[in-house]
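Enquirer: using only what follows, build the 3D model:
(2 chains)
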There are 2 protein chains.
Amino acid sequence: MPFDERIEQALYAALGPLGQKDAPPRLSAAIPYAVFPGGARIRPTILLAVASACGDDRPEVSTAAAVALEFIHCASLVHDDLPAFDNADLRRGKPSLHRAFSEPLAVLAGDSLIVMAFEVLSSAGRAAPDRALALTGCLARHTGAPHGICAGQAWESEPRIDLAAYHRAKTAALFVAATQMGALAAGQEAEPWHDLGARIGEAFQVADDLKDALLTPDQTGKPSGQDAAHLRPSAVQTMGVEGAMAYMKDILGGAIASIPSCPGEAMLAKLVQAYAHKITMVPVAANRDVA
Amino acid sequence: MPFDERIEQALYAALGPLGQKDAPPRLSAAIPYAVFPGGARIRPTILLAVASACGDDRPEVSTAAAVALEFIHCASLVHDDLPAFDNADLRRGKPSLHRAFSEPLAVLAGDSLIVMAFEVLSSAGRAAPDRALALTGCLARHTGAPHGICAGQAWESEPRIDLAAYHRAKTAALFVAATQMGALAAGQEAEPWHDLGARIGEAFQVADDLKDALLTPDQTGKPSGQDAAHLRPSAVQTMGVEGAMAYMKDILGGAIASIPSCPGEAMLAKLVQAYAHKITMVPVAANRDVA
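Expert: You can find the predicted model right below:
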């Protein structure tokens, strides 16, 4: 089964318990609203690609890991859109969750998705408890504090920002989780997969900065110019559009070079190249329109 | 070591990583602010008491479970105090977290505590992965949706409320987690411990309704009259003060009767009686003052 189909099916299945009759109906509607329709599902796809490159001998565990990671990502989008943060009206081309439901339900849907991520790992892990526990630890480290995406978002509340720590935590953390969890789900060590995730994450951040600077809300499905509006540090501000594009290509070259030796090394390099093309294409095209 | 000392030491140790130099300092201050000084630590105390009654052969696992449960409880207080929910200025006798820090940091401190709860279970579980995974599943089920405290809070956003489901999820869930996690941490089955947790939770909810109706903010360290102000269903509204007190005593009697056969059964019954005395005493005294 192709990765994208496997991810959508598993996400859908993991939300099944929300349909139980003694569940609060609006929360049970808000949580799937945060998950479907998805964006590119880039993090779970990377996770499954790494698991596959490592043999993927327990696909039920890697699939659960992919779901858990995507739930955390969706939770972070819902909470980041809240009035206290970006106050975003749009997300993935539709009203943000707090706009469509309410602010309390947005907080609770995000909280629930964080919890469900760990629940999914625990359920799938019965047959491989050691792997499930390692996955839980890895996901938690890259989600919470002091080094996960919660910490990344929290840097924006600091009077003085540690830029390297901010980018590592805010964006790279979930990409490192993606590559490391892919390896762990297939029974391999996490550490050799750190650099690939970190570099993809860095490239993704630069691509996102470029999109935020160059694209319209119609093209991205969310508000533009948020970095400038919120005075957030951005690669475009630091090195200009051309500089940021060159930098992104360098990082992706380094990402491919960092792939550890494994049975699926060549397949994985191709996949990263395809993603590199995809994430660079949009801002490059937009820049041509602007120029 | 007495339970309370063991809990405080372990909570403190689990927050240690926040002191790392590349952590965002304000979030690293906000998270301990949510945890210390604590309330009665009643949920982790019940957890350790049940683990102890079941032999507590892996105290590092039961201690981690107690920390995880208290982190979830603290996270729920921080998020429930947010302007979108209770908009509370006070908690445990000091400014609520969003008042002391900011709303973004309150959202993120709550999120981080949820994540850290599962991280603590994963770290402590290496020596007993099966127990750690069962604990993860149990904590997640009682925290998230459709039946955990997130769902409980979400019932307050419903146009029609299922009162039984609301109380089960909003308050009883974490008490059921306390008794069941105590058993699981000691290698026992969770199911026989459900009723004890559910009944303690129910009694606690009634006691809380009584406190909310009868005590002043000086006595509770948080705003009074919140149930009436937010039109929340409360035992006091339904059956009056005297009726609610009689009801609470009945429930606690049932709780003690429900304790499963185990080596520490008598010890546990005493502990529940002591707590019963503690949680009934305050509203009883206040009612005398009012009367």
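
Enquirer: average pLDDT across stretch A:171-182?
Expert: For stretch A:171-182, the mean per-residue pLDDT is 96.

Enquirer: near chain B at all, that stretch?
Expert: No. Judged by C-beta under 8 Å from any C-beta of the partner chain, stretch A:171-182 stays clear of chain B, getting no closer than 11.5 Å. Every C-beta, even on glycine, is put in place using the N, C-alpha and C of the backbone.

Enquirer: try stretch A:36-51
Expert: No. Contact of stretch A:36-51 with chain B (C-beta under 8 Å from any C-beta) is absent, the minimum separation being 15.7 Å.

Enquirer: list the contacts of that stretch.
Expert: Identification of contacts with stretch A:36-51 by C-beta atoms under 8 Å, 6 or more residues apart in numbering or on different chains yields A:3-4, A:6-8, A:11-12, A:56, A:59, A:62-63, A:65-67, A:69-70, A:73-74, A:92, A:174-175, A:177-179, A:181-183, A:185-186, A:193, A:196-197, A:200, A:204, A:264, A:267-268, A:271, A:275, A:278.

Enquirer: 7 Å instead, please
Expert: Applying C-beta atoms under 7 Å, 6 or more residues apart in numbering or on different chains, the external contacts of stretch A:36-51 come out as A:3-4, A:6-7, A:62, A:65-66, A:69-70, A:73, A:92, A:174-175, A:178-179, A:181-183, A:185-186, A:193, A:200, A:268, A:271, A:275.

Enquirer: how far away is the residue of the stretch 151-291 of chain A found nearest chain B from B:F101?
Expert: For the stretch 151-291 of chain A, the residue closest to chain B is A:A154, as judged by C-beta to the nearest C-beta, at 3.7 Å. Distance from A:A154 to B:F101, counting by C-beta to C-beta, to the nearest Å: 10 Å.

Enquirer: just to revisit the earlier point, only whichever of the contacts of stretch A:36-51 are buried, select them in ChimeraX.
Expert: Selection of the buried residues among the contacts of stretch A:36-51 in ChimeraX, burial being defined by 16 or more other C-beta atoms under 10 Å in any protein chain shown:
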select /A:3,6,7,62,65,66,69,70,73,174,175,178,179,181,182,183,185,186,193,200,268,271,275
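
Enquirer: what segments of chain A are strands?
Expert: Using DSSP state E, the strands of chain A run over residues A:90-91, A:94-95.

Enquirer: now find how far off-centre the last one is within its chain.
Expert: What separates the centre of strand A:94-95 from the centre of its chain is 19 Å, taken as C-alpha atoms, centre = their mean, to the nearest Å.

Enquirer: likewise for stretch A:241-261?
Expert: 18 Å.

Enquirer: so which bits of it are buried?
Expert: Buried, per 16+ other C-beta under 10 Å, within stretch A:241-261: A:V241, A:A244, A:M245, A:Y247, A:M248, A:I251, A:L252, A:A255, A:I256, A:S258, A:I259, A:P260.

Enquirer: need the nearest residue in space to the fifth one, chain neighbours excluded.
Expert: Which is A:M248. In space, and not counting its chain neighbours, A:M248 is closest to A:V206: 4.3 Å by C-beta to C-beta, 6 or more residues apart in numbering or on different chains.

Enquirer: wait, the one you found sits on A:Y247?
Expert: Yes. At 6.0 Å, A:V206 counts as touching A:Y247 under the criterion of C-beta atoms under 7 Å.

Enquirer: any shared contact partners between the two?
Expert: Joint contacts of A:V206 and A:Y247 (C-beta under 7 Å, 6+ apart) are A:A235.

Enquirer: quick check: residues of the stretch 101-250 of chain A near chain B?
Expert: A:102-105, A:107-108, A:111-112, A:114-116, A:118-119, A:122-123, A:125-126, A:129-130, A:132-133, A:136-137, A:140-141, A:143-146, A:148, A:150-151, A:153-155, A:157-158, A:162, A:165 (C-beta under 7 Å from any C-beta of the partner chain).

Enquirer: list phi and psi for A:D89.
Expert: Dihedral angles of A:D89 (phi, psi; degrees, to the nearest 10) stand at phi -90, psi -20.

Enquirer: number of residues surrounding it?
Expert: 13 (other C-beta atoms under 10 Å in any protein chain shown).

Enquirer: how close does it sit to A:E156?
Expert: Taking C-beta to C-beta as the measure, A:D89 falls 19 Å from A:E156.
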